[in-house]
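> my questions are about this predicted structure, shown below with the sequence.
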Amino acid sequence: MTASPLATRTAKYTALDAPTGFEEPVLRAVRDDLQQCSQRVEVDVRGNVFGYQDGSSADGPLIMITAHADEIGFLATSILAGGYLRFTKLGGPTSMVLPGQRVRVLSRSGPLEGVIGVKPGHILSPAGAHQVPPIAEMYIDVGAESAEQAAEWGIEAGTPAVFVGEWTATQNPNRFFGKCVDNRAGIVAVLEIAERLAKVEAAASFVHAIVVEEEVGLRGAAVAALDVKPDVVIAIDTVPSGGTPDLKPDELPWSIGGGPLLKVRETRGLSTHGPLRELFRQTAEEKGIPLQLIVDTAGMTDAASAQQASGNIAALTIGLARKYSHSAVEMFDVRDLDQIVELVFHAVGKITTKQQLLRI
Ligand SMILES: [Zn+2]
């Protein structure tokens, strides 16, 4: 069986290394892709990339569909005498998966393979074997024999690193895992939606915005929304899912392969706009797309920051469930991604006037 084009495209995007603040490889790739389906493509100084598609109605709504470019990672803070790197986190890699984890250090001279060191099991006390060391005690080993050699290889304070987590197809033709499914899958959804919208007439105008610095505080989207001043923001991002043996049935009670997630509320951020929520529900019903309504008590997305930044915006988040969040083996189901594209494409086609967005 041939791999789905969506999976192939997601594989291509996850192969790029683009930690927060170093998103250029992804930004260049999306600029090239958006140029194929937009009237114009713009970039701002922060790095956000915008693909504009003008609608047929001059006073129609402007709809921003957005996903973040950056991935979680690490940043070298110092080089120790033996050539090891101390580091801090970029965003929120899960600490317990770090000891023994392969990483790629993006030095000024090019990528270097490395590993986060781990104490020999033989000498760990029974209690120590169950503890995750503090980040300040962890280190990256790139095979350098001295600090001087690491420096010669282009490593310095501020050198970023990412998980090594190669794209892996499972025996299930729909399930894949690897690094930065968060949020390259979201980017692929935005690009696919943009390409489908380019082929149809729409009253609304669209701006497809790939934004920076989500993993360190939802920053790029806020800048983008202030700039673009959209009437509607739809953020597409991954969401941690349940359904694994280590979670109770009522913890993260949604699963991969169960359809797109519609966030009714992020308890720390977004309250999804009521009329948008109903429009998406109705569209899902009409198209036979399963929709998982969720309340996210932990995470936040760019929809929250974009809405707060620019104010008068109807905002909604559509989520892709993925297991093993913020590790090198994030797993998802490509049928969910396919349904996200289908759902958003058809739902935004129904937004033709700003009056539709009013709550009363
Ligand atoms: Zn994300």
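Yep, that arrived. Numbers count the residues shown, from 1 in each chain.

> counting by contacts, list what the helix or strand containing Ile294 packs against.
Per DSSP states H and E: Ile294 is located in strand 292-296. Packing contacts for strand 292-296, counted by 3 or more CB pairs under 8 Å, 6 or more residues apart in numbering; DSSP states H and E, involve strand 261-266, strand 314-322. To be clear about C-beta, it is placed using only N, CA and C from the backbone, and glycine gets the same treatment.

> least trustworthy helix or strand in this structure by mean pLDDT?
helix 302-310 (a mean of 87; mean pLDDT, DSSP states H and E).

> where's that one relative to the chain centroid, distance-wise?
Put simply, helix 302-310 sits 16 Å off its chain's centre (CA atoms, centre = their mean, to the nearest Å).

> I'd like to check the angle between that helix and strand 314-322, please.
Interaxial angle of helix 302-310 relative to strand 314-322 (axes from the mean of the first three to the mean of the last three CA atoms, to 10 degrees): 160 degrees.

> which other residues reach helix 302-310?
64, 66-68, 211, 214, 217-226, 228-230, 233-235, 237, 263, 266, 268-270, 272, 313, 315-317 (CB atoms under 8 Å, 6 or more residues apart in numbering).

> if we can go back for a sec, can you give me the buried ones in the strand holding Ile294?
By 16 or more other CB atoms under 10 Å, the buried positions in strand 292-296 come out as Gln292, Ile294, Asp296.

> and the helices and strands packed on strand 292-296, which is most packed in?
Mean neighbour count, computed with mean count of other CB atoms under 10 Å, is highest for strand 314-322 among the helices and strands packed on strand 292-296, reaching a mean of 26.

> count of neighbours near the residue of the stretch 201-350 of the chain found nearest the ion?
Nearest to the ion, among the residues of the stretch 201-350 of the chain, is Asp237, at 4.3 Å (CB to the ion). By other CB atoms under 10 Å, 26 other residues sit near Asp237.

> ditto for Arg268
Count around Arg268 with other CB under 10 Å applied: 11.

> now swap in the one 3 residues further on and tell me
A count of nearby residues for Ser271, using other CB under 10 Å, gives 14.

> that one pairs with what?
Residues in a beta bridge with Ser271, per DSSP bridges, are Arg265.

> so who does the residue most central in space within the chain touch?
Centroid check for the chain by CA atoms, centre = their mean gives Asn183 as the closest residue, at 1.9 Å. The contact partners of Asn183, taken as CB under 8 Å, 6+ apart, are Ala67, His68, Ala69, Asp70, Glu71, Glu214, Ile236, Asp237, Thr238.

> likewise for Asp182?
Contacts of Asp182 by CB under 8 Å, 6+ apart are Glu71, Ile72, Asp237, Thr238, Arg322, Ser325, His326, Glu330.

> do that again at 7 Å, thanks
Thr238, Arg322, Ser325, Glu330 (CB atoms under 7 Å, 6 or more residues apart in numbering).

> spatially nearest residue to the third one (excluding sequence neighbours)?
Distances taken as CB to CB, 6 or more residues apart in numbering put Pro240 closest to Ser325, at 4.0 Å, once the chain neighbours are dropped.

> I'd say the one you found and Trp254 touch.
No. Counting by CB atoms under 7 Å, Pro240 does not reach Trp254; the two are 9.5 Å apart.

> neighbours of Ser305, how many?
Ser305: 26 neighbours (other CB under 10 Å).

> one more: Gly259?
Gly259, neighbours per other CB under 10 Å, totals 20.

> quick one: contacts for Ala69?
Ala18, Glu23, Val26, Leu27, Ile187, Ile210, Val211, Val212.

> any idea how far the fifth one is from Thr66?
Here Ile187 is placed at a distance of 10 Å from Thr66 (CB to CB, to the nearest Å).

> of those two, who's got more company?
Neighbour count, other CB under 10 Å: between Ile187 and Thr66, Thr66 has more, with 31 against 26.

> I'd say the more buried one and Ala209 touch.
Yes. Between Thr66 and Ala209 there is a contact under CB under 7 Å: 4.3 Å.
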